[in-house]
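Chemist: Dropping the sequence and predicted coords here.
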Number of protein chains: 2
Amino acid sequence: MAVTIKDIAKKVGVSPSTVSRVINGNAVISEETKKKIVSVMEELDYHPNSLARNLANGNAYAVGLVIDAQDEHTFSNAFFNRSVYAIETVAQNHGYNLLITNDRDMAGTSAVEKLVLEKKVDGIILPTSSVTVKLVKLLKDNNFPFVVLGEPRIDGKDVSWVDINNEMGSEIAVKHLKENGYKRVSILVENRKTVFARNRIEGYVKSVKAYGLAYSEEYIVDCGTEMERISSIIKDMLVRDNPPDAFLCSNNMIAYQVLKELKSQNISVPREIGLVTFDNYPIAEYMDPPLTVVDVDTFSLGEQAASTLLNKIRRVEQGNQQIAISPSLIERDSSKRGK
Amino acid sequence: MAVTIKDIAKKVGVSPSTVSRVINGNAVISEETKKKIVSVMEELDYHPNSLARNLANGNAYAVGLVIDAQDEHTFSNAFFNRSVYAIETVAQNHGYNLLITNDRDMAGTSAVEKLVLEKKVDGIILPTSSVTVKLVKLLKDNNFPFVVLGEPRIDGKDVSWVDINNEMGSEIAVKHLKENGYKRVSILVENRKTVFARNRIEGYVKSVKAYGLAYSEEYIVDCGTEMERISSIIKDMLVRDNPPDAFLCSNNMIAYQVLKELKSQNISVPREIGLVTFDNYPIAEYMDPPLTVVDVDTFSLGEQAASTLLNKIRRVEQGNQQIAISPSLIERDSSKRGK
DNA sequence: GCAATTCGTGCAAACGATTGCATAAAGGAG
DNA sequence: CTCCTTTATGCAATCGTTTGCACGAATTGC
């Protein structure tokens, strides 16, 4: 077996408690014994056993991150990487590890519930898709720290969450398009039912009206993810009266498809039609023309989520936090017609 | 405090050991007591405390996955998501949790070493980039289970690893190009120094020779990641004698850039020049023309890594495993000239 | 009908830390 | 010089499970 606190104690000739106190630095120990203990710890290559420590402290020193494997699009890859990195970094800095789990069902209790009830983590970060009334009740009943990634469909005011400011994202995009002389902006979202699509549409409507741009229900389109469908929607729109002269796309794939359709019709971007998309995938920069994007600092997203969670874990009073990360516009050619 | 095994024992009128044995199902307990215990567990909503269980068992019931935040390209996003999902799934199925960490240095010991020495995980999956002589020695000295994701630069035969069969990837790509009548295939890699680029080149050289296609050192190009550089390399190659009539690209971004350059020169793909790329990003399917790709089952990659690791954790004798996942070719238009 | 098994359960010692309380030694006040 | 703090350390319980050993009761074999 590995070397324990007792081995150290025996070798130095003190009690285990003293060694423990040196390790934790939470009591006054004479310089002399402290030095001896530290040197023996090094000599024997001692490392505290976290399993024992966790039990004694009643903490797992871990935070859980639930991922939704189904949901490959909303929690897209790019999001995932940077945010996870941020969460892990913040957690690590506070002495916590990051435990990742899928929210699958296993014999009655979900994996998430298990994590909570069996005390495998001290707090948890959930995607909105995992937020159910049942789970929230469980967490609240147990006074268990949690933070939602994305604005939840339910209980929005009663929980802490961190999200992208989608409304603002639309606003800066519309403002930019307006400043570049576009008059009839259409917004294409993947699924109108999601909270983030609703928020984007809301911001879009608000600023289209504020800037006195053309407004029509027909400009708000739920185009799904199927590429053929997107093409045919674009085709249809362009032959109607008052066709859009700009598109705000909810993601890079939609933008890519729109661009392809426009090219095939020999419509020039940005001269005839402008294009802005949410999300800054590596490829956006290299498209022809390079795409103007609404970019989100996903690192910051994860960072905020993790900090909020850790404050809850350490019982720092902060109430429920609703944090919306401001996106920024990266201006590229696809929307630059000048005035 | 939460309800414990003792509360159950007291209420039923048995000893804690009996309750424990019912939970673990590792001893003969009479049906009668078993039933009583189970019903009281449900009544009191008992859930075992994993911290205590871990200590008693000397297991963390967790596996560690080290990610390399630097290395955004080799461990690309797409890889990450599916593989992590697979690893988590396999781990979960065996009652293990997944702990993710960055390999950062913190006050002398690396985060990974901490995980191992403090027994926060029972086994670990490492990217090749984290494989150092020092770490491998530590792991081996402690007889600590680990598996490398990707073929390591060092100690390849002495450790277990799981990787994509990159050599084979090149082979099936070259074979396909040959069958479509291309004679002068060039391979573009991002960084010749990486093991996987070397393997791809090796497979490429082998099959180019085997199929009697044109071979020249000039067809093997380290093009880096900079888009302008890629364009100019392509330009250069096309004006030389015996210009390539097909490109095998090491990733989608390179392929995208090559395609762009060819289009700008009005060179038809696949009629004049064929294109095949490693990795199947969502966008590859929708490019114009859709790209033929060497696709890798990244789920299976993670799955194999996790299974191998879990076997080690459970001391199943298997020796060191070197597993190469076979890629497959998804034929699309960019390489289909017919014969 | 008696010895030898098998079955079901309890006791108590782990697992390796942490920590409240007690206490001896040292220092300070009067 | 005595009494009261303060300082440094030890004792032992605790965190919630697991598990080897023991032991009485029930079963089996002959």
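Modeler: Done, it's in.
Chemist: And stretch A:49-61, what's buried?
Modeler: A:49, A:50, A:51, A:52, A:53, A:54, A:55, A:59, A:60, A:61 (16 or more other C-beta atoms under 10 Å in any protein chain shown). Where you see a C-beta, it was placed from the backbone N, CA and C, and this is true even at glycine.
Chemist: Helices - which of the residues you listed land there?
Modeler: A:50, A:51, A:52, A:53, A:54, A:55 (DSSP state H).
Chemist: okay, the last one: pLDDT?
Modeler: Listed pLDDT for residue A:55 reads 97.
Chemist: That one is in contact with residue B:52, isn't it?
Modeler: Yes: using C-beta atoms under 8 Å, residue A:55 is in contact with residue B:52, at 5.4 Å.
Chemist: Which parts of the stretch 151-300 of chain A are helices?
Modeler: A:166-179, A:195-210, A:227-239, A:252-264, A:298-313 (DSSP state H, counting those that start in this stretch).
Chemist: Now those in JSON lines, please, with extra columns for distance to residue B:331, mean pLDDT and mean neighbour count.
Modeler: Listed next are the helices of the stretch 151-300 of chain A as JSON lines, based on distance: least, C-beta to C-beta, whole Å; pLDDT from 0 to 100; neighbours: other C-beta atoms under 10 Å in any protein chain shown:
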{"stretch": "helix A:166-179", "distance to residue B:331": "38", "mean pLDDT": "97", "mean neighbour count": "22"}
{"stretch": "helix A:195-210", "distance to residue B:331": "35", "mean pLDDT": "96", "mean neighbour count": "19"}
{"stretch": "helix A:227-239", "distance to residue B:331": "19", "mean pLDDT": "94", "mean neighbour count": "16"}
{"stretch": "helix A:252-264", "distance to residue B:331": "21", "mean pLDDT": "93", "mean neighbour count": "21"}
{"stretch": "helix A:298-313", "distance to residue B:331": "35", "mean pLDDT": "95", "mean neighbour count": "23"}
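Chemist: looking at the ones you listed, which is closest to DNA strand D?
Modeler: The minimum distance between DNA strand D and these falls on helix A:298-313, with 18.0 Å, by C-beta to the nearest atom of the strand.
Chemist: what's that closest one packed up against?
Modeler: The contact analysis (3 or more C-beta pairs under 8 Å, 6 or more residues apart in numbering or on different chains; DSSP states H and E) places helix A:298-313 against strand A:62-67, helix A:77-93, strand A:123-127, strand A:146-149, strand A:161-164, strand A:322-325.
Chemist: Need the residues that contact the lowest-mean-pLDDT helix or strand in chain A.
Modeler: Sorting the helices and strands of chain A by mean pLDDT, DSSP states H and E puts strand A:105-106 at the bottom, at a mean of 72. Applying C-beta atoms under 8 Å, 6 or more residues apart in numbering or on different chains, the contact partners of strand A:105-106 are A:111, A:114, B:92.
Chemist: So what's the residue count around the last one?
Modeler: The tally of other residues near residue B:92 (other C-beta atoms under 10 Å in any protein chain shown) stands at 18.
Chemist: ok, now how distant is it from residue B:24?
Modeler: 19 Å (C-beta to C-beta, to the nearest Å).
Chemist: thinking again about what came up before, what's the closest of the helices of the stretch 151-300 of chain A to residue A:38?
Modeler: Among the helices of the stretch 151-300 of chain A, the nearest to residue A:38 by C-beta to C-beta is helix A:298-313 (28.8 Å).
Chemist: who's in contact with residue A:131?
Modeler: Contacts of residue A:131 (C-beta under 8 Å, 6+ apart): A:148, A:152, A:153, A:154, A:155, A:159.
Chemist: meant to ask about residue A:203, not that
Modeler: Per C-beta under 8 Å, 6+ apart, neighbours of residue A:203: A:166, A:167, A:168, A:169, A:170, A:171, A:174.
Chemist: State the pair within the residues you listed that is farthest apart.
Modeler: Most distant of the contacts of residue A:203, by C-beta to C-beta, are A:166 and A:174, 12.7 Å apart.
Chemist: Near DNA strand C, list only the ones from the ones in helices among the buried residues of stretch A:49-61.
Modeler: A:51, A:52, A:53, A:55 (C-beta under 7 Å from any atom of the strand).
Chemist: just the residues you listed now: which is nearest residue B:327?
Modeler: Relative to residue B:327, and with distances defined as C-beta to C-beta, the nearest of these is residue A:51, at 40.5 Å.
Chemist: pLDDT at that closest one, what is it?
Modeler: 97.
Chemist: same thing with residue A:79?
Modeler: The per-residue pLDDT reported for residue A:79 equals 62.
Chemist: repeat for the one 5 residues further on
Modeler: We have a pLDDT of 89 for residue A:84.
Chemist: can you list the contacts of strand A:105-106 in TSV and add distance to residue B:235 and pLDDT?
Modeler: Output for the contacts of strand A:105-106, formatted as TSV (distance: C-beta to C-beta, whole Å; pLDDT from 0 to 100):
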residue	distance to residue B:235	pLDDT
A:111	53	88
A:114	58	94
B:92	51	94
